[in-house]
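Undergrad: Kindly return the folded structure for what I paste below:
(2 chains)
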Amino acid sequence: MSIANSDITDRSYSLQSASQPRRMGKKSTGNPTHWITYALLIGGAIAMLVPFVSMIASSLKTDPEIQQVPPTILPRTIQWHNYPDALGQDKMDLGQTLPNTVVITFFCVLGQVISSSLVGFGFARFRFRGRNALFLIMLSTMMLPAQVTMIPLFVLFRRLGWIDTFLPLIVPSWLAGPFFVFMFRQFFAAIPEELMEAARIDGAGTLRIFWQIMMPLCGPVIAITAIYTFMNTWNDFLNPLIYLNSPENRTLALALASFNGQYGVSHVNQLMAASFVTMIPCLLLFAAAQRYFVENIAMTGGKS
Amino acid sequence: MTIAKVIRWLLAWAAALVLLWSFFVVGLRLWRTHAPGDHRTQLVIMQWGDASEEEIVRNLVAQYEAEHPDIKILRIHAADFDSKLKTMLAAGTPPDLFYMSYEYVPEFAGLHLLANLDPYIAALPDGQQWLNTFYPVLLEAFRYDGHETGKGPLYGIPKDFTTMIFYVNCDLFKQAGIPVPYNGWTWDEFEADCKKISALPPDAGGRDYGAVLNTWTGVLENIIQCYGGDFFNGADFSKMTIDSPDAVAALSMIQRTRFVDNSVYHNSGPAASNNGIQLFYTGKVAAIGPVGRWETPHFRGTGPGDPGITQFHWDIVPMPHEKRTVSDIAVVSWSMSASAKHPREAFDLLHFLTGKEGQQTMARLGLAIPSIKAIATSDAFLSGKPDHSQLFLDAIKDGKISQVPAEREFGQYLTDEIGRCIDLNQISAADAARTLKDRWQTEMASPLNSEEFPLMNWRVVGAIAAVGIVCGAAIIWLLSRRQKLGTLDRKTERAGWLFVSPWVIGFIVLTLGPMVVSLLLSMTKWTAMSPMTAAQFVGAGNYQHLAEFDRDIGPSLRVTGYYALLAVPLGQIAALAVAMLMNTKARGITMFRTIYYIPTLVGGVTMATIWVWLLNPNYGLINRMLAPMAHWFGTTPPDWLQTDAQRWAVPALVMMSLWTVGGGMLTYLAALKNVPVSLYEAARIDGAGDISQFFTVTLPMISPLIFFNLIMAIIGSFQVFAQVYVMTDGGPGNATLFYVLYLYRQAFEFHNMGYASAMAWILFVLVLLLTAFVIRGSRKWVYYEGLKA
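TA: Numbering: from 1, shown residues only, chains lettered A, B, ... in the order given. Presented below is the predicted three-dimensional model:
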């Protein structure tokens, strides 16, 4: 039985599908967009893109040309070979580092979404003794600098024999991150109580309510959690540095850092090439996902 | 299907394929390594170096394994060698063999982390003979008897070294009518020559400079010693002599040639040394030094992407001298860990790695000088440019190893205080020397450095902790009995706890436990390189040092606070403004959103590298754009990260953080989209205009998110680390010494792990207070929809 069809829920809330977008946000009339808006958009876009463009341009230059003073904007001759050079086995070793990073990121994203949503749900919708204290404690853990717990944690993982495996990188994600729990909690809190009560009246158990009602409503937060976790794990440097030893276990971020020789970056053009390639999945992910969590899912609230 | 849909479909399939392939590759590897047990002895070695150096070691390892089938070698290449080595030492699992730079020998040997190699050499049939093939001064660098370098047990076998020389552009010398000083020159002659060369008429590429002077610790001492002075009175590190007239004369020379004569190129900007090298490379500088052999490969050229110097004739000349002739020596060894499990096999490998083959290949590479005399004087080293390579070897007789204190703070203080004179031209040499001496004496006077402390009694601590846990559990249980709950409430409670359990488990195991351990550590003096049982108990000593003896903590808090004050409000306003901009129905808005988000995808190192270039005072884009505006006001744009850093470094970093405004924009945009239209309609009916609607509808409805973002931003601003670490390393002076960077420095560069833990706890309390303050204030302005109170 689909709960969304029930009378009570229909009256108070309408969950819109993509085919009938209810207009949300400020611009509710059909005003043509002001030219100032375009000017600001384009101006800002240029500011955002220029460093990025310089990065790509650098990746196609020769080494001396990059450090030339005064600098050129576009490469004199395009050095396509920088890319295979940078990604080959002795530099980025894409054949090993990419699968490693993908596997680690996959498990981290999955674990973070599941655990943070569960915990956020618990904090938002259940009254239990010690809840507020626990929540405050959780918030305060976000302020602890990683360096403090780094060495005791390393010793712990060594005792468990997890050094040079992916486990120290993955397992913490399955134990919920305060940042995302906070987000889920705020979001769950904003969903009015009537929805849950209506579901209960219809006979749904708590877990069922969670999976079938709450989670689908949380599209934006799930997407944000997934994307942020993806970005953080994909670019994470400190943790792989500490826990991964063997060269074949390295991640992309570690391989990127290896361009830093003892005396600074020796091949800036290759570093830029490798950085660009490392960025691409994040870029694609964002471009693909942003539609989903910004536009489609909307909920008109409103207490009766 | 539209094109967008096709692309998305293709991408989804590509992603799925990559995912499957990744699992396959990783799974295969795991299956292979868990195959039948490896009965071979495993040795772990760790190195640094670029790809060509890695290749050499890799080949050596392969060769050794082929000749010794019962040995398996795991070779680790560490980008951040220092911190990785220290982490491994702290956990008691250091590599068996690792690179060791000579300057760390006193510290590491003092902590009993290095194996004494003398017995193993004595066990070799030709041990003494083999030792004699090395330059004696290099071996001395790795002898330490607990007080000074040069005597005592041998803690490493040098693998290569370099003496300091100057690279010269022979053509520029010729142009200025000066003979190239292959037979030596004095510092006075150096000054005069630089003036002549920088007076040459400029060409298309700009003016020429006489020289680039490097001034890191080792070579700075070298220059001072040439003038007859020194940092300390021999190896007596309590007596600083940097304020002697000779030392001051040396420092004044550097300041003069850089800022008064303008004949020595003054490196401005964090990419300082690279700038200098590049200037020489492009023929704008006649001499660069003191520097070692490591630039040779770059000048020779290593391949199509790196063609080498072809436009002029380059060579090397000895270090200038004044009262004395001195050439600093930098040497790296392979050392063995004191806790190696198979020391005999490890030593055999060490013997091989420092043997003739590896050294010959390294010699040809050009990076350094082989440590075995026979190879250094052979063609492998002497052939190829520079023509006067023999000068590298001639300098050995004047070579001396730097004697520096085991306390790492010294190098940092030197950079900070002397830097104000020779890098920033803000004070005189005499003043800088005096300030440095004063600062060093204060540090040495602190009880942490002058007293002896007992070992930390971990058993007592463990007992107290156990009692504490039991008490805590009892209290919680008693408190819980105060509220009697009905069945429904109890069920709710059980469900609530169940949902929250993953985090609770994680908290206890991954956060609370380590936090308690680090609190205990904050009461100790521990270098993190010996096991925890070697920690010394200092009680509140660390906190006392922080309050009374630490000169950097105040500036550090000020810098961090200043940054937070700027970045947090600006960041939030910018994110909200951009989100509102993105909320319009402009054409191509999706594409704009992606563009604004791109900066957040760039990783830390890359972003820092890009922005260092952007903020370059002369050629960076930012200053180029600001120049016309600044001219209108009659000034020039600031030198963000170097000379004007005291005022402008933090704003520069705020700018950089604003570049990643896309992250905040995203969450605000989602929130904006979730504000019901009905509210706006109601407001309009009541007569509210656009601006009024913003303040009465938009802001209250997204206030929970603003609250959340504010807290996260405050927390985040106090934890800025990676960018500063890469871009400025806290300098110049203390201008960008962010708190977490300072903490990291205390922990991993000064090896004061106990003190760093104390700093971490102070930070924790500070941020806790701030957050509580914000939370309390939030009751007034945050509006929730359906939160259960």
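
Undergrad: quick one: the helices in the stretch 651-789 of chain B?
TA: For the stretch 651-789 of chain B, the helices defined by DSSP state H, counting those that start in this stretch occupy B:662-673, B:677-685, B:690-693, B:699-718, B:722-727, B:739-744, B:753-781.

Undergrad: Among those, which comes closest to B:Asp328?
TA: helix B:722-727 (26.9 Å; C-beta to C-beta). All C-beta spots, glycine's among them, are computed from the backbone N, C-alpha and C.

Undergrad: from the middle of its chain, how far away would the closest one be?
TA: Its chain's C-alpha centre and that of helix B:722-727 lie 8 Å apart, by C-alpha atoms, centre = their mean, to the nearest Å.

Undergrad: quick check: mean pLDDT across that helix?
TA: Per-residue pLDDT over helix B:722-727 has a mean of 77.

Undergrad: What would that helix look like as PDB? C-alpha coordinates only.
TA: What follows is helix B:722-727, C-alpha atoms only, in PDB (Å, rounded to 0.1, in the frame of the first residue of the first chain):
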ATOM      1  CA  ALA B 722      46.700  22.700   4.200                       C
ATOM      2  CA  GLN B 723      46.800  25.900   2.100                       C
ATOM      3  CA  VAL B 724      49.000  27.800   4.500                       C
ATOM      4  CA  TYR B 725      51.300  24.800   4.900                       C
ATOM      5  CA  VAL B 726      51.900  24.700   1.100                       C
ATOM      6  CA  MET B 727      51.900  28.400   0.300                       C
END
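
Undergrad: Check the secondary structure at the residue nearest to B:Phe259 when sequence neighbours are not counted for me.
TA: Distances taken as C-beta to C-beta, 6 or more residues apart in numbering or on different chains place B:Asn425 nearest to B:Phe259, at 4.5 Å, with adjacent residues excluded. At B:Asn425 the chain is in coil, as set by DSSP: H, G, I helix; E, B strand; the rest coil.

Undergrad: My guess is B:Asn425 contacts B:Arg256. True?
TA: No - B:Asn425 is not in contact with B:Arg256 according to C-beta atoms under 8 Å; the separation is 10.2 Å.

Undergrad: where's A:Arg131 relative to B:Gly496, distance?
TA: Note on A:Arg131: its distance to B:Gly496, by C-beta to C-beta, to the nearest Å, is 7 Å.

Undergrad: any idea where the helices of the stretch 1-150 of chain B begin and end?
TA: B:3-33, B:51-67, B:81-90, B:105-110, B:118-123, B:127-132, B:136-141.

Undergrad: next one: the stretch 51-200 of chain A
TA: For the stretch 51-200 of chain A, applying DSSP H, counting those that start in this stretch gives helices covering A:63-66, A:82-87, A:94-125, A:131-141, A:146-160, A:167-170, A:178-190, A:193-201.

Undergrad: what angle separates the longest one from helix B:3-33?
TA: Between helix A:94-125 and helix B:3-33, the angle formed by their directions is 110 degrees, by axes from the mean of the first three to the mean of the last three C-alpha atoms, to 10 degrees.

Undergrad: residue furthest from the geometric center of chain B?
TA: For chain B, the C-alpha farthest from the mean C-alpha position belongs to B:Ile685; by C-alpha atoms, centre = their mean, that distance is 59.3 Å.
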